[in-house]
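**Q** sequence and predicted structure below; questions after.
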Amino acid sequence: MQKKSVMEKSLNELNLLESEYNNLKELYELAPDDSDVIAAIEKLGNMAHRAKLVTLFSDPADDSGAFLFIQAGAGGTEAQDWAQMLSRMYMRWAERHGFVCDVVEEHPGDTAGIKNITYRISGVRAYGWLKNEIGVHRLVRISPFNANGKRQTSFASVDVWPDIDDSIEIEINDKDLRIDTYRSSGAGGQHVNKTDSAIRITHIPTGIVVTCQNERSQFQNKDMAMKMLRSRLYELEMQKRAAAEDSARAAQKKIEWGSQIRNYVLYPYRLVKDVRTGTEKTDSDAVLDGDLDDFMLAMLGK
């Protein structure tokens, strides 16, 4: 059975809202002070808010879950610590939305933090929310790793692609794949760390490389890696279509150091500002604890 499009679901919700509104209008005229009527009006307001949000998710993959990749920039320990701060921020954001956030692969930093991490975030519209987080994130703070207490600027990049389901067909030829096994370096128990269960798959025509090491067996790691590869190829195809239809949109998806999308300033003042929309929040602690919806909604509404 073919899944309903975002537009079809939006129309259904709007029709439901219209019907509820007409019913409540008649009830309110008869009993404007009735507590049940007042409660129903408040419920309708919440439904209208949710319906408005749905209209912002118009791309075919918006309803999908997402893979989120965070990479520390140049700068050693500073950048790796910032990458770990970002990873916690997105994990807390996912928890706020009731999404399931699983680590697919993680590479610890040399001294602190992480070099990179890949999350699989499961939940309806996780990709729709996260897709505009792609880009460079810049942190300014007093360095906890500098004995002189100097201000430090660090960079990390974020990439996002949809966790597409089996209803979307992506053709992958075996001859186009190079599959390597290696020993896991992350957490996972003695069995994971003592066998060559980690998987690296290279898609030769595109050069896309995906890895997975956090599952318990080589088979499970390969299955997850293939799922990631299908998702990456789907996103690549969407980018090609976007480039053909709208070069400006295609440029938005490029990740280039120095062209940050958001600044997180913790010193000399506390401010988080999105470069693209001008959206600002002064409660940087709340932002780093996952309060990101205002930034995401501002981009969705552009």
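**A** Great, that's in hand. Residues are numbered from 1 along each chain as shown.
**Q** does Asp196 count as helix, strand or coil?
**A** coil (DSSP: H, G, I helix; E, B strand; the rest coil).
**Q** list the residues that contact it.
**A** For Asp196, the contacting residues are 181-183, 218, by Cβ atoms under 8 Å, 6 or more residues apart in numbering. Yep, even glycine has a C-beta here, placed from its N, CA and C like the rest.
**Q** so for the one helix or strand Met238 maps to, what gets flagged as buried?
**A** Assessed by DSSP states H and E, Met238 sits inside helix 218-245. Across helix 218-245, burial judged by 16 or more other Cβ atoms under 10 Å covers 221-222, 224-235, 238, 242.
**Q** residue boundaries of the strands in the stretch 201-302 of the chain?
**A** Applying DSSP state E, counting those that start in this stretch to the stretch 201-302 of the chain gives strands spanning 208-212, 260-265, 271-274, 280-281.
**Q** show me the one of the ones you listed that comes nearest Lys115.
**A** With Cβ to Cβ as the criterion, Lys115 lies closest to strand 208-212 of these, at 12.6 Å.
**Q** and that closest one, which strands flank it?
**A** Note on strand 208-212: by DSSP bridges, its sheet partners are strand 198-203 (antiparallel).
**Q** so how far is the strand it pairs with from its chain's centroid?
**A** Strand 198-203 sits 22 Å away from the centroid of its parent chain (Cα atoms, centre = their mean, to the nearest Å).
**Q** give me the contact list for it.
**A** With Cβ under 8 Å, 6+ apart as the test, strand 198-203 has contacts from 172, 176-185, 208-213, 218, 221-222, 225-226, 229, 232-233.
**Q** mind checking the pLDDT average for that strand?
**A** Strand 198-203 shows a mean pLDDT of 94.
**Q** try stretch 25-42
**A** Stretch 25-42 shows a mean pLDDT of 79.
**Q** quick check: end-to-end length of that stretch?
**A** End-to-end distance for stretch 25-42: 13 Å, by Cα to Cα, to the nearest Å.
**Q** what's the answer for stretch 265-281, then?
**A** Distance between the two ends of stretch 265-281: 10 Å, counting by Cα to Cα.
**Q** same question for stretch 271-291.
**A** Stretch 271-291 has an end-to-end distance of 13 Å (criterion: Cα to Cα).
**Q** which positions within that stretch qualify as buried?
**A** Within stretch 271-291, the residues scored as buried using 16+ other Cβ under 10 Å are 272, 274, 277, 279, 281, 284, 287-288, 290-291.
**Q** closest to Phe145 out of those?
**A** Nearest to Phe145 among these, with distances taken as Cβ to Cβ, is Leu288, at 17.7 Å.
**Q** with adjacent residues omitted, what lies nearest to the closest one?
**A** Met89 (5.2 Å; Cβ to Cβ, 6 or more residues apart in numbering).
**Q** now swap in Asn146 and tell me
**A** That would be Gln152: by Cβ to Cβ, 6+ apart, it lies 6.4 Å from Asn146.
**Q** ok now the lengthiest strand in the chain, how far from the chain's centre?
**A** Criterion DSSP state E: the longest strand present in the chain is strand 151-163. Relative to the centre of its chain, strand 151-163 is centred 11 Å away, using Cα atoms, centre = their mean.
**Q** the following helix or strand past it: partners in the sheet, and parallel or antiparallel?
**A** Using DSSP H and E, the next helix or strand after strand 151-163 towards the C-terminus is strand 177-182. Partners of strand 177-182 in the sheet, by DSSP bridges, are strand 198-203 (antiparallel).
**Q** only C-alpha atoms, please: export the strand it pairs with in CSV.
**A** Listed next in CSV are the C-alpha coordinates belonging to strand 198-203 (Å, rounded to 0.1, in the frame of the first residue of the first chain):
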residue,chain,number,x,y,z
ALA,A,198,32.8,-3.9,12.3
ILE,A,199,31.9,-3.2,8.7
ARG,A,200,33.0,-0.6,6.2
ILE,A,201,31.2,-0.4,2.9
THR,A,202,32.4,1.8,0.0
HIS,A,203,30.1,2.6,-2.9
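**Q** how about Leu292, nearest residue that isn't a chain neighbour?
**A** Nearest non-adjacent residue to Leu292, counting by Cβ to Cβ, 6+ apart: Trp93, 5.0 Å away.
**Q** which stretches in the stretch 1-150 of the chain count as helices?
**A** Assigned by DSSP state H, counting those that start in this stretch, the helices in the stretch 1-150 of the chain fall at 6-30, 35-56, 77-96, 126-130.
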